[in-house]
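Q: can you look at this prediction? I've put the sequence above it.
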Amino acid sequence: MIASVQSIGSLFSNGLLPVTSEPDYAPQLYCNPASDFVLCRDKNGNATAIYGESFWDFNPYRLSAKKIRKINFGKVFEVNGQEQRALIEEVKYLLYCLIYFAGGGRMGTLSASTLRSYWAVLRLAMQFSYEQKQRPMVGVLSLKQIFTVPIYLEAFVESKNLDQGALSGILNGLVRVGKERLGYEALNSSNFNLARPEYKQHGGLKDQVQHLR
């Protein structure tokens with residue numbers, strides 16, 4: 001079922017940025033956007049973040065003069081194989097959903113710096129997912145598995161030095177995006193005490209995976 005409404009990215013602060021900076025509007029379709037879909041434009045209307053490209057630059061949507069680093073999908077892995085590309089495409093879609101369909105928090109907007117912190121966590125999640133290839137009983141994980149299987153999420157948090165507040169924000173956003181659009185129901189962050197820096201789980205992933213078999 002397709003709704004008639006279209007969504008504008010929550011990074012775009014309507015009324016504070018020129019109309020020429022508007023990103024593309026996303027139709028309420030439950031699928032990936034086209035590769036030429038524009039998520040960000042500068043004040044002259046030039047696209048700085050295009051869905052199908054390796055670099056996404058959201059600095060035009062920064063209200064602060066301080067710049068943030070570009071999102072660089074090409075620097076996550078040393079090798080660009082099929083498994084790595086699949087993880088990158090999965091993360092691109094998650095970021096797109098967080099920008100357009102997660103509600104943007106209390107004010108209905110999402111800051112570029114917050115999105116950059118989400119990207120830092122998702123980048124680590126991709127690396128963690130691929131690292132599991134060295135575990136024969138696990139294999140390369142998907143982001144879907146990390147965000148739906150408690151022991152995988154716990155193992156990810158345990159193994160990486162990450163911003164747990166940003167991870168909590170991602171999970172909350174994915175819950176708002178919804179199962180119908182994602183294809184799965186994301187775990188609830190409130191079940192994991194992610195705000196506590198001392199949060200740890202005992203036992204390695206290898207031991208935990210035994211319970212899934």
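A: Nice, thanks for sending it over.
Q: helix/strand/coil for Ala49?
A: strand (DSSP: H, G, I helix; E, B strand; the rest coil).
Q: quick one: neighbours of it, just the number.
A: Neighbourhood size, Ala49 [other CB atoms under 10 Å]: 24. C-beta here means a position set from N, CA and C on the backbone, and glycine is covered the same way.
Q: mind listing the residues bridging to it?
A: Ala49 forms beta bridges with Cys40, Trp56, as assigned by DSSP bridges.
Q: for it, give me its contacts.
A: 23, 38-40, 55-58, 71 (CB atoms under 8 Å, 6 or more residues apart in numbering).
Q: helices along this structure, start to end?
A: Residue ranges of the helices in the chain, as given by DSSP state H, are 82-101, 112-131, 143-148, 150-159, 164-177, 179-182, 205-209.
Q: ok, which of those comes nearest Asn14?
A: Asn14 lies closest, by CB to CB, to one member of these: helix 82-101, at 14.0 Å.
Q: run through the neighbouring helices and strands of the closest one.
A: strand 26-27, helix 112-131, helix 143-148, helix 164-177, helix 179-182 (3 or more CB pairs under 8 Å, 6 or more residues apart in numbering; DSSP states H and E).
Q: could you give the angle of that helix to helix 112-131?
A: Between the axes of helix 82-101 and helix 112-131, defined by axes from the mean of the first three to the mean of the last three CA atoms, to 10 degrees, the angle is 150 degrees.
Q: how about helix 82-101: buried residues?
A: For helix 82-101, a neighbour-count test (16 or more other CB atoms under 10 Å) marks 84, 86-88, 90-101 as buried.
Q: now the angle from that helix to helix 164-177?
A: Using the same axes, to 10 degrees: helix 82-101 against helix 164-177 is 70 degrees.
Q: what's helix 82-101 in contact with?
A: 7-11, 26, 32-33, 37, 39, 51, 56, 71, 73, 76-77, 110, 115, 118-119, 122-123, 125-126, 129-130, 133, 140, 142-144, 170, 173-174, 176-178, 181-182.
Q: and if we set it to 6 Å?
A: Residues outside helix 82-101 that contact it (CB atoms under 6 Å, 6 or more residues apart in numbering): 7, 9-11, 26, 32, 73, 77, 122, 126, 129, 140, 143, 173, 177.
Q: between the helices and strands packed on helix 82-101, which gets nearest to Asn44?
A: Taking CB to CB, helix 112-131 is the member of the helices and strands packed on helix 82-101 nearest to Asn44, at 18.0 Å.
Q: then that closest one to CSV, C-alphas only?
A: Provided in CSV are the C-alpha atoms of helix 112-131 (Å, rounded to 0.1, in the frame of the first residue of the first chain):
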residue,chain,number,x,y,z
ALA,A,112,24.0,16.2,11.1
SER,A,113,26.3,15.6,14.0
THR,A,114,23.9,13.1,15.5
LEU,A,115,23.7,11.3,12.2
ARG,A,116,27.5,11.3,12.1
SER,A,117,27.6,9.6,15.5
TYR,A,118,25.1,7.0,14.3
TRP,A,119,27.4,6.4,11.3
ALA,A,120,30.4,5.8,13.6
VAL,A,121,28.4,3.1,15.4
LEU,A,122,27.1,1.5,12.2
ARG,A,123,30.6,1.5,10.8
LEU,A,124,31.8,-0.6,13.8
ALA,A,125,28.8,-2.8,13.4
MET,A,126,29.7,-3.6,9.8
GLN,A,127,33.3,-4.4,10.8
PHE,A,128,32.1,-6.6,13.7
SER,A,129,29.6,-8.4,11.3
TYR,A,130,32.4,-9.2,8.8
GLU,A,131,34.9,-10.2,11.5
